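# Fold the stuff below for me.
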Amino acid sequence: MNVQHLESLSEAVARITGVRVAETVPDRVLTEADAVELIDIPPAELIERMRQGRIYRPDQAARALRGFFREGNLAALREMALRRTAERVDADVTGYMRANAIAGPWPAGDRVMALIGSDPAAETVVREARRVADALKAPLLALHVEQPTADPSADPGPALRLAERLGAEAETVVGADLPAAILREAQARNVTHLVIGRGRPARWRRLAGRTLSAALLRRAGDFTLHVVPEPAGTPRSLPPERRALPRWAGWMAPPPSSRGRPRSASSSTASCPKARSA
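Below you'll find the predicted structure:
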């Protein structure tokens, strides 16, 4: 079969070629096949074969070359066929790894996973992961780990729906150990790139190295980790306001003008109004 006859590609083929293919087959014909073999040929060679009458009669070939089978169209259809075949081979590799309990990732091809939390920055993580996947020409997955101790009012739904709209395969799993759950799913899906948000962990977590990014840096040695900055315009918490020093603090140190000079009774009493009045 020709790639333009896949049902899911009908809209894309129509936009590229200007022709809507009427004869289509369901995608399950490809996914359920026992084996898929790609017959690839460069556009220039295919055009030459058509001109020689080896595919269509000469009059049909001439019309086809002026319309559907222009060189640019053939190059785009060729890329579609290569990508669909690569997706099928990738699925075969992942299935083999699962069937044989092989821990991933196998770096046969890139796969990107966006780690979605319930914070406002989750959608930024999804968009950045989409850009990474597009740059790598890799599939995109979105994962949310629901923890038993999570805030019940937190909702990752908007970010998950955005991921699906952007073409990602979204999944939610339950796990008490967040890094372990992430790595388990990433290995099972043969993921190579993890995209996470920077977040705002508590100060004690940052000092103790107990943040998610720190845990993944320690444990995810087989993955490339991307940490996404907070969205522009995100308000930052201000440091707590300093309290005024107690009045007795004047007795503890000399005023700034007297620092570096020998302390005397006059300089120390001058720093305290009560001493002057006495």
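
# Mind listing residues that contact stretch 22-30?
1, 5-8, 10, 36, 84, 88 (C-beta atoms under 8 Å, 6 or more residues apart in numbering). Heads up, the C-betas are built off the backbone N, CA and C, glycines and all.

# Put the buried members of the residues you listed into a ChimeraX selection.
When burial is assessed using 16 or more other C-beta atoms under 10 Å, the buried subset of these is captured in ChimeraX by this command:
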select :6,84,88
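
# Once you drop chain neighbours, what's closest to the most centrally placed residue in the chain?
Central residue of the chain (C-alpha atoms, centre = their mean): residue 129, 2.3 Å from the mean position. Take residue 129 and drop its neighbours on the chain: the residue closest to it by C-beta to C-beta, 6 or more residues apart in numbering is residue 114, 3.5 Å away.

# who does the host helix or strand of the one you found pair up with?
Assessed by DSSP states H and E, residue 114 sits inside strand 112-115. With DSSP bridges as the criterion, the sheet partners recorded for strand 112-115 are strand 140-146 (parallel), strand 193-197 (parallel).

# shaky segments in this structure?
Along the chain, segments meeting pLDDT under 70 span 97-98, 100-108, 153, 199-211, 231-278.

# how does it divide into domains?
Partitioning the chain according to automatic domain parsing yields domains covering residues 3-99, 112-228.

# what's the most buried one of those domains?
Taking mean count of other C-beta atoms under 10 Å as the contact definition, the stretch among the domains of the chain with the greatest mean neighbour count is domain 112-228, which reaches a mean of 17.

# How far away from the center of its chain is that one?
Counting by C-alpha atoms, centre = their mean, to the nearest Å, domain 112-228 is centred 8 Å from the centre of its parent chain.

# Pull up the distance across it, start to finish.
From the first residue to the last, domain 112-228 extends over 14 Å; the measure is C-alpha to C-alpha, to the nearest Å.

# what's the helix or strand where the residue nearest to the centre of the chain lies packed up against?
Taking DSSP H and E as the criterion, the element that holds residue 129 is helix 122-136. Under the contact criterion of 3 or more C-beta pairs under 8 Å, 6 or more residues apart in numbering; DSSP states H and E, helix 122-136 touches strand 112-115, strand 140-146, helix 157-165, strand 193-197, strand 224-228.

# which residues sit in contact with the residue nearest to residue 158 when sequence neighbours are not counted?
The shortest distance from residue 158 to any residue that is not its chain neighbour, by C-beta to C-beta, 6+ apart, is 6.5 Å, and that residue is residue 123. With contacts defined as C-beta under 8 Å, 6+ apart, residue 123 is in contact with 158-159, 162.

# Now residue 155: which helix or strand?
Take DSSP H and E as the rule and residue 155 turns out to sit in neither a helix nor a strand.

# That one contacts residue 119, correct?
No. With contact defined as C-beta atoms under 8 Å, residue 155 does not count as touching residue 119 (10.4 Å).

# Would you mind listing the residues touching both of those two?
Common neighbours of residue 155 and residue 119 are not found (criterion: C-beta under 8 Å, 6+ apart).

# still on that earlier bit, of the strands paired with strand 112-115, which is nearest residue 73?
When the strands paired with strand 112-115 are ranked by proximity to residue 73, the top entry is strand 140-146, at 26.8 Å, counting by C-beta to C-beta.

# okay, the angle between the closest one and helix 157-165?
With axes from the mean of the first three to the mean of the last three C-alpha atoms, to 10 degrees as the basis, strand 140-146 and helix 157-165 are set at 160 degrees to each other.

# quick one: the helices in this protein?
Using DSSP state H, the helices assigned to the chain run over residues 10-17, 28-31, 43-51, 58-66, 71-99, 122-136, 157-165, 178-188, 203-208, 212-219, 265-270, 273-277.

# Which among those helices is found nearest to residue 226?
Of all these, the one in closest proximity to residue 226, counting by C-beta to C-beta, is helix 122-136 (6.1 Å).

# In CSV, list the C-alpha atoms belonging to that closest one.
Listed next in CSV are the C-alpha coordinates belonging to helix 122-136 (Å, rounded to 0.1, in the frame of the first residue of the first chain):
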residue,chain,number,x,y,z
ALA,A,122,3.1,22.4,34.3
GLU,A,123,1.8,23.7,30.9
THR,A,124,5.1,25.5,30.4
VAL,A,125,6.8,22.1,30.9
VAL,A,126,4.5,20.6,28.3
ARG,A,127,5.3,23.3,25.7
GLU,A,128,9.0,23.0,26.3
ALA,A,129,8.9,19.2,26.0
ARG,A,130,7.0,19.6,22.7
ARG,A,131,9.8,21.9,21.4
VAL,A,132,12.5,19.4,22.5
ALA,A,133,10.6,16.5,20.8
ASP,A,134,10.2,18.5,17.6
ALA,A,135,13.9,19.4,17.6
LEU,A,136,14.8,15.7,18.0
